[in-house]
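1. I'd like to go over a predicted model; first the sequence, then the structure.
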Amino acid sequence: MTNPFEQEDGIYHVLVNAEGQYSLWPAYLDVPDGWEACVKDEKRKVCLEYIETNWRDMRPESLKQTEPAKM
């Protein structure tokens, strides 16, 4: 069986949680509790580009509030 997160021709969602963390998620799986789809039913490449463009600071929101960004 192949990894469902690595199927180039698969259809995916981009999920985001309350901490501002993103995840690529196979569209055929239920969205886990605590996560919300911000992009739905797109090709893997589109989802990965969205994540790369929008998730610029990998720190969780709770840490960003207490620690300044390092450049």
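-> Thanks, I have it.

2. which residues sit against the longest helix seen in the chain?
-> If each helix of the chain is counted by residues according to DSSP state H, the longest one is helix 44-54. Residues outside helix 44-54 that contact it (CB atoms under 8 Å, 6 or more residues apart in numbering) are 7-10, 12-14, 22, 24, 38-39, 42. For the C-beta atoms, the positions are set from N, CA and C on the backbone; glycine is no exception.

3. Nearest to residue 59 among those?
-> Within these, proximity to residue 59 (CB to CB) peaks at residue 22, which comes in at 12.6 Å.

4. That closest one: neighbouring residues, count only.
-> 20 (other CB atoms under 10 Å).

5. Next, the contact list for it, please.
-> 14-16, 51, 54-55.

6. go again using 10 Å as the cut-off
-> By CB atoms under 10 Å, 6 or more residues apart in numbering, the residues touching residue 22 are 14-16, 35, 38-39, 47-48, 50-52, 54-55, 58.

7. Tell me what it is bridged to.
-> Beta-bridge pairing for residue 22 (DSSP bridges): residue 16.

8. and the gap between it and residue 34?
-> Distance of residue 22 to residue 34, given as CB to CB, to the nearest Å: 13 Å.
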